[in-house]
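J.: attaching a predicted model along with its sequence, questions to come.
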Amino acid sequence: MTDVRLGIPTVRTPARTGKGYVVRTFGCQMNEHDSERVAGLFEADGMAPASDLADADVVFINTCTIRENADNRLYGNLGQLKRFKDEHPDVLLVVGGCAAQKDRDLVRERAPWVDVVMGTHNIDRVLDLMDHADAHGGVTEVVDELEAMPSSLPVRREAAHKAWVTIQIGCNNTCTFCIVPSVRGPEVSRRPGDIVSEVERLAADGVVEVTLLGQNVTTYGRDLAIDGRRRPIFADLLRRVGEIEGIRRIRFTSPHPADLREDVFAAMAESDAVCEQLHLPLQSGSDRMLAAMHRGYHAERFLDRLATARRYLPGLTASTDVIVGFPGETEEDFDMTLEVMEVARFDQAFTFIFSPRPGTPAAEMPLVDPNVVQDRYRRLVDLQNRISEERNREMVGTVVEVLTDGPSKKDPTVATARTRGNKVVHVPGSYPIGEFLEVEVIDAARHHLMGRLR
Ligand code: SF4
């Protein structure tokens, strides 16, 4: 094995024409988007997606390290791939993403049959590293500084009508449970002009919906000197992207409750294209836990922000993330979370049991009894399931615009579509992907709505 740093070629003749690739992605939308860029680079090099692992010449595993089970799944997957590699020694196995960035030596140690281990900051180098592995054997290259804003790389999008657009990489916060700042590095904002140009190109390509991606989009721009000043300019960016012809839906993830200001809601309300949707991670309803997590807000301020958002954006769909069993969480702390959830009435909540990530301050803190945590988790999920169903039922009888995503995986006689609030709607019939329909909501369940074409 060697650790190398090669020069970056700017122009390359396709070298793997006719070969097949498989990309497996774990983790968040940032990783999904990075995988699209890896696939874009593979296709620029002449490769095509393989329909099956058995037909692949290159397998790229994009790893996640946010939660413990992501690590377990990674090493389980790599274990299975060993047998595949033994049977197909010419196949190149590439491991990238957050776990590789953070645990490069561990990945090598636990899976020495992997050909390339690379980090999150050097996606642009994947082809060179594969060439190096072909010529010289296994290679590890993980860099700590951002090499190229990934949005400047070619992309193979999963859907023709929707696209993710990276506006910022990294995070300057210090949430005590989170490994992201040490894996993705400090916040780096992309120039607004680059973002607008990319969205204009996407619109020209037929994309009608974009999701702006960043770890803390509400501080977007504060590292750039725009007009000689350094300040968050996310609201300005929303307005500019909102003016691009052809883009009918704009989403973003994630804003941080501590940094979210009224100017963002005003910009959302002003632009017809910005969807009435907000994912605002609460994490806990207890001020004591929020302080221990270093979140930088109180529950009351969180609820106040949400209420302000709803004033600006009637019909807002709101979702959140909650951690159960953070170290030191008492029954009283947990009750406060339930109370805030009752008041907030989120349409959806992503609920997680705390899992310590080595290298974070929270990993050094004493754990709450797992049986207690399980019980709290069940109570939280029950509460949210009830609220989600109630919120969805409130929509029965309304007429909404939906954007089709194709046939339902479970029932091909039904099309799956999404509202502006990002709620899933099933509509009987077959419609082209990426079509806007007007539907009446005729029924609702916890996780989806049923619609009838108007
Ligand atoms: S805001 Fe907190 S949770 Fe989000 S990426 Fe930054 S450190 Fe992690």
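T.: It's in. If you're wondering where the values come from, they're calculated on a predicted model, not measured in any experiment. Numbering: from 1, shown residues only.

J.: the ligand contacts on the stretch 251-400 of the chain?
T.: His256 (Cβ under 6 Å from any ligand atom). The way it works is simple: take the backbone N, C-alpha and C, and place the C-beta from them, glycine included.

J.: tell me, how many neighbours does the residue of the stretch 251-400 of the chain found nearest the ligand end up with?
T.: Nearest to the ligand, among the residues of the stretch 251-400 of the chain, is His256, at 5.3 Å (Cβ to the nearest ligand atom). The number of residues packed near His256 is 20, by other Cβ atoms under 10 Å.

J.: list the contacts for it?
T.: 173, 216, 218-219, 281, 296 (Cβ atoms under 8 Å, 6 or more residues apart in numbering).

J.: mind exporting the helix or strand harbouring Leu129 as PDB, just the C-alpha atoms?
T.: Element membership for Leu129 (DSSP states H and E) is helix 126-136. Output in PDB follows, covering the C-alpha atoms of helix 126-136 (Å, rounded to 0.1, in the frame of the first residue of the first chain):
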ATOM      1  CA  VAL A 126     -11.000   9.400  -8.000                       C
ATOM      2  CA  LEU A 127     -10.000   8.500 -11.500                       C
ATOM      3  CA  ASP A 128      -6.300   9.200 -10.900                       C
ATOM      4  CA  LEU A 129      -6.300   7.100  -7.700                       C
ATOM      5  CA  MET A 130      -7.900   4.200  -9.600                       C
ATOM      6  CA  ASP A 131      -5.200   4.500 -12.300                       C
ATOM      7  CA  HIS A 132      -2.600   4.500  -9.600                       C
ATOM      8  CA  ALA A 133      -4.100   1.400  -7.900                       C
ATOM      9  CA  ASP A 134      -4.300  -0.400 -11.300                       C
ATOM     10  CA  ALA A 135      -0.600   0.300 -11.900                       C
ATOM     11  CA  HIS A 136       0.900   0.000  -8.500                       C
END
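
J.: that one: which residues count as buried?
T.: 126-133 (16 or more other Cβ atoms under 10 Å).

J.: and what of stretch 412-432?
T.: Taking 16+ other Cβ under 10 Å as the criterion, stretch 412-432 shows 414-427, 431 as buried.

J.: how far is the helix holding Leu129 from where the chain is centred?
T.: 28 Å (Cα atoms, centre = their mean, to the nearest Å).

J.: tell me the spacing between Glu43 and the ligand.
T.: Per Cβ to the nearest ligand atom, to the nearest Å, Glu43 is found 30 Å from the ligand.

J.: my error: substitute Pro412 in the last question.
T.: 38 Å.

J.: same deal with Val180?
T.: On the measure of Cβ to the nearest ligand atom, Val180 and the ligand end up 4 Å apart.

J.: sorry, back to before: tell me which of the contacts of His256 is nearest to Val208?
T.: Distance to Val208 across those (Cβ to Cβ) is lowest for Thr218, with 24.9 Å.
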